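Q: model the following, please.
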Amino acid sequence: MRKHIRLCGLNIGRPSRLDRFFRPLAPIGALVLAGALAGCAIAIPLPGAADSDDEPTGSIGGRSPLGVVLDAEDWRRASAALAVALDPQGNGAPVQWSNPQSGSKGAFVQAGKPYPADAVVCRPFQADLALKSGEHAVAGAACVDKSGDWTVRDAKPRKKG
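A: You can find the predicted model right below:
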């Protein structure tokens, strides 16, 4: 015969009516708790947190559409000069650019007449660049969209001269 002790109004040693009711539900409670805690292990990727765009920013160099390494400020200055050089109303003279902070400089010049391609107007160009990495001569083509922004479509090294 089992003895039970009554301590502070609690029966110790003998299951109460609530114990008999909740004991069969214990495995279900454990599953619910395990499911809730499993949500803590789910990894949700945040856009931009681990993604790596090869877009140059600040003083970090990256490959520009010209195929050479330019930092963001060099490319900003170079692309402005490119737009002026390729302007159909321009006189065809070389357009210079420079960045005193990096020491980079260069010039763009038209290398042919404008032509239509894929519902935009494109124009060939040549560029001579003096960068920390050395002197670079580039030939390519850029196209202008309706907003007036030029985008380099093709650029490759060329022989100087």
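Q: so who does the nearest residue to Gly67 once chain neighbours are set aside touch?
A: Once flanking residues are discounted, Gly67 sits nearest to Ala155: 5.0 Å by CB to CB, 6 or more residues apart in numbering. Bear in mind the C-beta positions are built from the backbone N, C-alpha and C, glycine included. Contacts for Ala155 were tallied using CB atoms under 8 Å, 6 or more residues apart in numbering; they are 65-67, 127, 138-141.
Q: try it again with 6 Å
A: 66-67, 138, 140 (CB atoms under 6 Å, 6 or more residues apart in numbering).
Q: and for Val109?
A: 85, 94, 126.
Q: same thing but at 7 Å, please
A: 85, 94, 125-126 (CB atoms under 7 Å, 6 or more residues apart in numbering).
Q: narrow those residues to those that are buried.
A: Neighbour counting over the contacts of Val109 (16 or more other CB atoms under 10 Å) leaves 85, 125-126 as the buried ones.
Q: quick one: mean pLDDT for the helix or strand Ala85 falls within?
A: Take DSSP states H and E as the rule and Ala85 turns out to sit in helix 72-86. Averaged across helix 72-86, the pLDDT comes to 93.
Q: so what touches it?
A: 56-58, 64, 70, 90, 95-97, 99, 101-102, 104, 106, 108-110, 123, 125, 142, 150.
Q: please parse the protein into its domains.
A: Taking automatic domain parsing as the reference, the chain has its domains at 5-41, 62-157.
Q: got the CA coordinates for the helix or strand harbouring Ala130 in CSV?
A: Per DSSP H and E: Ala130 is located in strand 120-131. What follows is strand 120-131 as a C-alpha-only set of coordinates in CSV (Å, rounded to 0.1, in the frame of the first residue of the first chain):
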residue,chain,number,x,y,z
VAL,A,120,18.5,53.8,-79.1
VAL,A,121,21.3,55.8,-80.7
CYS,A,122,24.8,54.5,-80.3
ARG,A,123,28.2,56.0,-81.1
PRO,A,124,31.7,54.6,-81.2
PHE,A,125,34.4,56.2,-79.1
GLN,A,126,38.0,56.0,-78.1
ALA,A,127,39.5,56.7,-74.7
ASP,A,128,43.0,57.3,-73.4
LEU,A,129,43.3,56.9,-69.6
ALA,A,130,46.2,57.6,-67.2
LEU,A,131,45.5,55.7,-64.0
